[in-house]
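In: Sharing a model that was predicted from the sequence below.
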Amino acid sequence: MSKILIFNGSPRRNGNTTTLIKECVRAIKDSGKEAEVFFLNDMTIKPCQFCDWCIDNNALSCVEEDDMHELYPKLLESDVIVFAAPIFWFTVSAQMKLFIDRLYALHGKDGYALTQKKIGTILVYGDSDVESSGVNNAIGTMKDLISYMKSEDIGIIHGTAYKIGDAEKNKELMAQVYDLGLKVSK
(Lines give C-alpha, C1' and ligand atoms only; values in the text may rest on other atoms or scores of the structure.)
Protein backbone atom coordinates (compact mmCIF):
# COMPACT_ATOMS: atom_id res chain seq x y z
CA MET A 1 0.00 0.00 0.00
CA SER A 2 1.23 3.49 -0.84
CA LYS A 3 2.57 5.54 2.03
CA ILE A 4 1.03 9.01 1.74
CA LEU A 5 2.24 11.85 3.97
CA ILE A 6 0.57 15.26 4.18
CA PHE A 7 2.31 18.23 5.79
CA ASN A 8 0.10 21.06 7.04
CA GLY A 9 2.05 24.33 7.09
CA SER A 10 -0.71 26.48 8.56
CA PRO A 11 -0.48 28.04 12.02
CA ARG A 12 -4.26 27.58 12.29
CA ARG A 13 -5.29 24.09 13.34
CA ASN A 14 -8.84 24.53 11.98
CA GLY A 15 -8.25 26.97 9.15
CA ASN A 16 -8.77 26.75 5.42
CA THR A 17 -5.61 24.71 4.84
CA THR A 18 -6.90 22.05 7.22
CA THR A 19 -10.30 22.07 5.50
CA LEU A 20 -8.60 21.41 2.17
CA ILE A 21 -6.42 18.68 3.67
CA LYS A 22 -9.51 16.97 5.08
CA GLU A 23 -11.06 16.97 1.60
CA CYS A 24 -7.88 15.49 0.13
CA VAL A 25 -7.85 12.82 2.86
CA ARG A 26 -11.52 12.05 2.15
CA ALA A 27 -10.61 11.28 -1.47
CA ILE A 28 -7.67 9.16 -0.34
CA LYS A 29 -9.93 7.16 2.00
CA ASP A 30 -12.56 6.86 -0.74
CA SER A 31 -9.80 5.23 -2.80
CA GLY A 32 -9.17 2.68 -0.06
CA LYS A 33 -5.89 4.25 1.05
CA GLU A 34 -4.71 6.09 4.14
CA ALA A 35 -2.68 9.22 4.73
CA GLU A 36 -0.72 10.44 7.72
CA VAL A 37 -1.10 14.17 8.38
CA PHE A 38 1.46 16.27 10.26
CA PHE A 39 0.62 19.68 11.72
CA LEU A 40 3.99 21.43 11.43
CA ASN A 41 3.04 24.28 13.76
CA ASP A 42 2.86 21.85 16.70
CA MET A 43 6.28 20.41 15.96
CA THR A 44 9.66 21.67 17.10
CA ILE A 45 11.60 22.24 13.90
CA LYS A 46 14.76 24.29 14.15
CA PRO A 47 16.10 26.28 11.19
CA CYS A 48 18.68 24.66 8.95
CA GLN A 49 22.14 25.99 9.79
CA PHE A 50 23.60 24.86 6.45
CA CYS A 51 26.54 23.40 8.34
CA ASP A 52 26.64 20.51 5.79
CA TRP A 53 26.92 17.88 8.54
CA CYS A 54 24.22 15.93 6.70
CA ILE A 55 26.16 16.03 3.41
CA ASP A 56 29.61 15.43 4.90
CA ASN A 57 28.32 12.40 6.82
CA ASN A 58 25.93 11.17 4.10
CA ALA A 59 23.54 10.89 7.03
CA LEU A 60 20.10 11.44 5.49
CA SER A 61 19.46 13.10 8.83
CA CYS A 62 20.47 16.28 10.63
CA VAL A 63 22.70 17.23 13.53
CA GLU A 64 19.87 19.39 14.95
CA GLU A 65 17.92 17.53 17.64
CA ASP A 66 14.24 18.20 17.00
CA ASP A 67 11.07 16.67 15.58
CA MET A 68 12.52 16.33 12.09
CA HIS A 69 14.15 13.11 13.34
CA GLU A 70 10.64 11.63 13.53
CA LEU A 71 9.88 12.83 10.00
CA TYR A 72 13.05 11.86 8.09
CA PRO A 73 12.44 8.07 8.18
CA LYS A 74 8.79 8.56 7.27
CA LEU A 75 9.75 10.76 4.33
CA LEU A 76 12.27 8.20 3.10
CA GLU A 77 9.69 5.38 3.33
CA SER A 78 6.88 7.38 1.71
CA ASP A 79 5.63 7.08 -1.85
CA VAL A 80 3.67 10.34 -1.92
CA ILE A 81 4.19 13.67 -0.17
CA VAL A 82 1.60 16.45 -0.12
CA PHE A 83 2.65 19.94 0.95
CA ALA A 84 -0.27 22.12 2.08
CA ALA A 85 0.16 25.72 3.17
CA PRO A 86 -1.40 29.13 3.26
CA ILE A 87 0.40 31.92 1.48
CA PHE A 88 1.55 34.61 3.90
CA TRP A 89 3.65 37.54 2.79
CA PHE A 90 4.09 36.45 -0.80
CA THR A 91 5.14 32.82 -0.38
CA VAL A 92 4.44 29.68 1.64
CA SER A 93 4.04 30.08 5.41
CA ALA A 94 7.08 30.23 7.68
CA GLN A 95 6.18 26.80 9.05
CA MET A 96 6.29 25.26 5.58
CA LYS A 97 9.45 27.11 4.55
CA LEU A 98 11.24 25.94 7.70
CA PHE A 99 10.23 22.34 6.94
CA ILE A 100 11.31 22.66 3.29
CA ASP A 101 14.70 24.05 4.32
CA ARG A 102 15.27 21.05 6.58
CA LEU A 103 14.69 18.68 3.65
CA TYR A 104 18.23 19.67 2.66
CA ALA A 105 19.41 16.93 5.05
CA LEU A 106 18.02 14.32 2.66
CA HIS A 107 20.55 15.26 0.02
CA GLY A 108 23.26 12.72 0.61
CA LYS A 109 26.45 12.28 -1.38
CA ASP A 110 24.62 9.86 -3.68
CA GLY A 111 21.93 12.33 -4.69
CA TYR A 112 18.63 13.47 -3.36
CA ALA A 113 16.87 10.77 -1.35
CA LEU A 114 13.35 11.89 -2.26
CA THR A 115 13.90 11.37 -5.98
CA GLN A 116 10.99 9.63 -7.69
CA LYS A 117 8.48 10.51 -4.96
CA LYS A 118 5.10 11.77 -6.11
CA ILE A 119 4.52 15.30 -4.86
CA GLY A 120 1.23 17.17 -4.55
CA THR A 121 0.79 20.74 -3.37
CA ILE A 122 -2.17 22.63 -1.93
CA LEU A 123 -1.89 26.41 -1.58
CA VAL A 124 -4.56 28.77 -0.26
CA TYR A 125 -4.53 32.55 -0.10
CA GLY A 126 -6.74 35.51 0.76
CA ASP A 127 -6.13 37.87 -2.14
CA SER A 128 -7.70 36.63 -5.37
CA ASP A 129 -5.03 38.35 -7.49
CA VAL A 130 -2.31 35.76 -8.15
CA GLU A 131 0.26 38.49 -8.76
CA SER A 132 -0.23 40.59 -5.61
CA SER A 133 -1.00 37.65 -3.32
CA GLY A 134 2.34 35.93 -3.84
CA VAL A 135 0.77 32.86 -5.42
CA ASN A 136 3.21 32.92 -8.32
CA ASN A 137 6.14 33.08 -5.87
CA ALA A 138 4.80 30.15 -3.85
CA ILE A 139 4.11 28.09 -6.96
CA GLY A 140 7.64 28.86 -8.17
CA THR A 141 9.07 27.74 -4.83
CA MET A 142 7.20 24.45 -4.98
CA LYS A 143 8.05 23.81 -8.64
CA ASP A 144 11.72 24.50 -7.94
CA LEU A 145 11.66 22.16 -4.93
CA ILE A 146 10.01 19.36 -6.89
CA SER A 147 12.45 19.83 -9.78
CA TYR A 148 15.46 19.87 -7.45
CA MET A 149 14.29 16.67 -5.77
CA LYS A 150 13.75 15.07 -9.20
CA SER A 151 10.29 14.06 -8.02
CA GLU A 152 7.04 13.72 -9.94
CA ASP A 153 4.75 16.76 -9.73
CA ILE A 154 1.23 15.37 -9.59
CA GLY A 155 -0.43 18.73 -9.17
CA ILE A 156 -0.23 22.15 -7.58
CA ILE A 157 -3.73 23.15 -6.51
CA HIS A 158 -4.31 26.72 -5.40
CA GLY A 159 -7.26 28.94 -4.69
CA THR A 160 -8.76 31.76 -2.68
CA ALA A 161 -10.15 31.32 0.83
CA TYR A 162 -9.58 34.28 3.14
CA LYS A 163 -11.65 33.85 6.30
CA ILE A 164 -11.96 30.58 8.17
CA GLY A 165 -14.74 28.65 6.48
CA ASP A 166 -14.20 30.20 3.04
CA ALA A 167 -12.52 27.08 1.65
CA GLU A 168 -15.68 25.01 2.10
CA LYS A 169 -17.61 27.64 0.14
CA ASN A 170 -15.14 27.50 -2.76
CA LYS A 171 -16.65 24.45 -4.46
CA GLU A 172 -14.21 24.55 -7.39
CA LEU A 173 -11.22 24.51 -5.05
CA MET A 174 -12.73 21.72 -2.95
CA ALA A 175 -13.31 19.65 -6.11
CA GLN A 176 -9.72 20.22 -7.28
CA VAL A 177 -8.35 19.14 -3.90
CA TYR A 178 -10.56 16.03 -3.93
CA ASP A 179 -9.21 15.20 -7.41
CA LEU A 180 -5.66 15.66 -6.11
CA GLY A 181 -6.49 13.16 -3.35
CA LEU A 182 -7.58 10.67 -6.01
CA LYS A 183 -4.35 11.27 -7.97
CA VAL A 184 -2.10 10.73 -4.96
CA SER A 185 -3.91 7.46 -4.29
CA LYS A 186 -2.96 5.89 -7.63
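Out: Perfect, I can see it now. None of the values given here were measured: they were computed from a predicted structure.
In: Dihedrals phi and psi, N14?
Out: Taking degrees, to the nearest 10, you get phi -120, psi 40 for the backbone angles of N14.
In: Now do the contacts for it.
Out: For N14, the contacting residues are I164, taking Cβ atoms under 8 Å, 6 or more residues apart in numbering as the criterion. C-betas here are computed from N, CA, C, even on glycine.
In: swap in S128?
Out: When contacts are taken as Cβ under 8 Å, 6+ apart, S128 is in contact with T160.
In: and it, how far is that from G140?
Out: With distances defined as Cβ to Cβ, to the nearest Å, the gap from S128 to G140 amounts to 19 Å.
In: Repeat that for F83.
Out: If you go by Cβ to Cβ, the gap between F83 and G140 works out to 14 Å.
In: neighbour-wise, which of those two wins?
Out: F83 (24 against 12; other Cβ atoms under 10 Å).
In: how far does whatever helix or strand the more buried one lives in sit from the chain's center?
Out: Following DSSP states H and E, the helix or strand that holds F83 is strand 80-88. Averaging C-alpha positions (Cα atoms, centre = their mean, to the nearest Å) puts strand 80-88 4 Å from its chain's average.
In: same question, stretch 122-141
Out: For stretch 122-141, the distance between its averaged C-alpha position and the chain's averaged C-alpha position is 15 Å (Cα atoms, centre = their mean).
In: Beyond the helix or strand bottoming out on mean pLDDT in the chain, next helix or strand please.
Out: Sorted by mean pLDDT, DSSP states H and E, the helices and strands of the chain end with strand 111-112, the least confident at a mean of 74. Using DSSP H and E, the helix or strand that follows strand 111-112 in sequence is strand 118-125.
In: In contact with the residue nearest the centre of the chain, which residues?
Out: When the chain is reduced to its mean C-alpha position, the nearest residue by Cα atoms, centre = their mean turns out to be F83, at 1.3 Å. F83 makes contact with F7, G9, V92, M96, I100, I119, G120, T121, I122, M142 under the criterion Cβ under 8 Å, 6+ apart.
In: repeat that for 7 Å
Out: With Cβ atoms under 7 Å, 6 or more residues apart in numbering as the criterion, the residues that contact F83 are F7, G9, M96, T121, M142.
In: now that we have those residues, which one has the most neighbours?
Out: The member of the contacts of F83 that has the most neighbours, counting by other Cβ under 10 Å, is M96 with 28 neighbours.
In: mind checking the SS state of the closest residue to L40 other than its chain neighbours?
Out: The spatially closest residue to L40, leaving aside those adjacent along the chain, is Q95, at 4.4 Å (Cβ to Cβ, 6 or more residues apart in numbering). Three-state assignment for Q95 (DSSP: H, G, I helix; E, B strand; the rest coil): helix.
In: Alright, calling it a day.
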